[in-house]
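**Student:** Show me how the following folds:
(2 chains)
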Amino acid sequence: GIQVEQSPPDLILQEGANSTLRCNFSDSVNNLQWFHQNPWGQLINLFYIPSGTKQNGRLSATTVATERYSLLYISSSQTTDSGVYFCAAGPNFNKFYFGSGTKLNVKP
Amino acid sequence: DAGVIQSPRHEVTEMGQEVTLRCKPISGHDYLFWYRQTMMRGLELLIYFNNNVPIDDSGMPEDRFSAKMPNASFSTLKIQPSEPRDSAVYFCASSPSIDTQYFGPGTRLTVL
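**Tutor:** Presented below is the predicted three-dimensional model:
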């Protein structure tokens, strides 16, 4: 399957700071998603973004499919942004592979 | 809507026993996913249903795993017989379209 690598593995921020999380994938994809898992284990689907740019409030994502990477931007971070951010990439909607995640800790 | 409902929330069983995990998707959602999360393997997509029909089960780890969706409001993931390496958190998610998913709280399975 497609190899998905995320960086950095860990990130500590002060509240209010901005951050960029990266996802590299090993092959062309038609499915690229970002997820957030909060410290209590709940998963949320943030973006479905096989190409282009999307924004949702303080979060935005960009995927450059031709160069096989996607970026997740978090602006003005809040403590509620803490948790693990996962990228998943795959050839189609029903087949995708997760990266190992970026663990974010936002300190007040 | 109450969101995606999974039961039980926690399950502890002995090796060799049959385990059945249940999921009630959000009404009106045509897509349903089962995932597994472990420390060793991370998050994995196990199987995907569209309109109650399994579309891709290539992520199911072994023949001991089976999933069904007898109707639009209910799905099960069964492990028979269970093994200690099946211990994980199992998530169900439903979706009205290809660009979003709504996850249940997960079932934490421990196989002794």
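
**Student:** Quick one: low-confidence residue ranges for chain A.
**Tutor:** For chain A, applying pLDDT under 70 flags no range at all.

**Student:** now do chain B
**Tutor:** For chain B, the stretches with pLDDT under 70 are B:1.

**Student:** Get me the contact residues on it for chain A.
**Tutor:** B:42-45, B:48, B:50, B:55-56, B:58-59, B:89, B:91, B:93, B:98-103, B:105-106 (CB under 8 Å from any CB of the partner chain). Backbone N, C-alpha and C define where each C-beta goes, glycine included.

**Student:** hmm, 6 Å instead?
**Tutor:** B:42-43, B:48, B:55-56, B:98-101, B:103 (CB under 6 Å from any CB of the partner chain).

**Student:** Drop anything exposed from those residues.
**Tutor:** B:42-43, B:48, B:56, B:100-101, B:103 (16 or more other CB atoms under 10 Å in any protein chain shown).

**Student:** re earlier: dump the residues of chain B next to chain A to JSON lines, plus distance to B:Ile26 and secondary structure.
**Tutor:** Below are the residues of chain B next to chain A laid out as JSON lines (distance: CB to CB, whole Å; DSSP: H, G, I helix; E, B strand; the rest coil):
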{"residue": "B:Gly42", "distance to B:Ile26": "25", "secondary structure": "strand"}
{"residue": "B:Leu43", "distance to B:Ile26": "21", "secondary structure": "strand"}
{"residue": "B:Tyr48", "distance to B:Ile26": "16", "secondary structure": "strand"}
{"residue": "B:Ile55", "distance to B:Ile26": "19", "secondary structure": "strand"}
{"residue": "B:Asp56", "distance to B:Ile26": "21", "secondary structure": "strand"}
{"residue": "B:Ile98", "distance to B:Ile26": "15", "secondary structure": "coil"}
{"residue": "B:Asp99", "distance to B:Ile26": "15", "secondary structure": "coil"}
{"residue": "B:Thr100", "distance to B:Ile26": "11", "secondary structure": "coil"}
{"residue": "B:Gln101", "distance to B:Ile26": "10", "secondary structure": "coil"}
{"residue": "B:Phe103", "distance to B:Ile26": "11", "secondary structure": "strand"}
